[in-house]
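Student: Structure here, sequence nowhere to be found:
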């Protein structure tokens, strides 16, 4: 049975941080469901790229996934923080020890949900005022079921780390090789 992942798109999402992990996970055989925060399937990113979601978040809220992943971008501040549905989903998912990924500003949502305390994490430097324990020395930080990453430039490493945890390092290495990643993961 293939692994499943939920990626939540919000208006103003960072395109590279969403598309790169989605692509890597799908190349690795993971069934990825892309959910829009709103009702419309078309979601516009920070650079005006439009992605079509598979379903509205409300339709998949009660579905169990092996991974829940949040891309960052300015929409985190305007759209996702304070969304009780996302907070409850993350609390249930990460609280049950399931793999959770957040990149760039998305760890702020985990902070709001009380899910970062006692965990090692990283995030975009612009969040440092609130996320005071950012590990700036690594592109990707894994702490138990929590995987965080710095930003758009680390999206490939982030996607490969998620895939390695879901489907094993051999699968992640094969995908890395197929897309010409020059360093080992």
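Tutor: Received it, and whenever you're ready, just let me know what you need. Please read these numbers as outputs of a predicted model, since none were measured by experiment.

Student: In this structure, where is pLDDT below threshold?
Tutor: 183-185 (pLDDT under 70).

Student: Let me see the ranges of the strands in it.
Tutor: Listed in chain order, the strands of the chain (DSSP state E) span 4-9, 31-36, 42-44, 50-52, 55-56, 67-70, 99-103, 140-143, 146-149.

Student: thought residue 138 was touching residue 122?
Tutor: Yes: contact between residue 138 and residue 122 holds when scored by Cβ atoms under 8 Å: they sit 6.1 Å apart. For every residue, glycine as well, the C-beta is placed using N, CA and C.

Student: Between the two, tell me which one has more neighbours.
Tutor: residue 122 (28 against 14; other Cβ atoms under 10 Å).

Student: Can you name the residues that contact that one?
Tutor: 107, 134, 135, 136, 138, 139, 140, 141, 148, 149, 150 (Cβ atoms under 8 Å, 6 or more residues apart in numbering).

Student: Which of those ranks first by neighbour count?
Tutor: Busiest of the contacts of residue 122 [other Cβ under 10 Å] is residue 149, holding 33 neighbours.

Student: residue contacts, the closest residue to it other than its chain neighbours?
Tutor: With Cβ to Cβ, 6 or more residues apart in numbering as the criterion, residue 149 has its nearest non-adjacent residue at 3.7 Å, and that residue is residue 158. Under the criterion of Cβ under 8 Å, 6+ apart, the contact list for residue 158 reads 17, 20, 21, 101, 103, 139, 140, 147, 149.

Student: Repeat the analysis, applying 10 Å as the threshold.
Tutor: With contact set as Cβ atoms under 10 Å, 6 or more residues apart in numbering, residue 158 has these partners: 17, 20-21, 24, 69, 71, 101-104, 122, 139-140, 147-152.

Student: what sits in contact with each of residue 138 and residue 122?
Tutor: Residues touching both residue 138 and residue 122 by Cβ under 10 Å, 6+ apart: 148, 149, 150, 154.

Student: could those residues go into CSV alongside distance to residue 90?
Tutor: Below are these laid out as CSV (distance: Cβ to Cβ, whole Å):
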residue, distance to residue 90
148, 13
149, 16
150, 20
154, 21
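
Student: This protein: helices as residue ranges?
Tutor: Counting by DSSP state H, the chain has helices at residues 15-27, 57-60, 75, 84-95, 107-112, 155-167, 169-178.

Student: Would you mind giving the ones you listed as JSON lines with distance to residue 44 added?
Tutor: Converted to JSON lines, the helices of the chain look like this (distance: least, Cβ to Cβ, whole Å):
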{"stretch": "helix 15-27", "distance to residue 44": "10"}
{"stretch": "helix 57-60", "distance to residue 44": "16"}
{"stretch": "helix 75", "distance to residue 44": "9"}
{"stretch": "helix 84-95", "distance to residue 44": "18"}
{"stretch": "helix 107-112", "distance to residue 44": "19"}
{"stretch": "helix 155-167", "distance to residue 44": "19"}
{"stretch": "helix 169-178", "distance to residue 44": "28"}
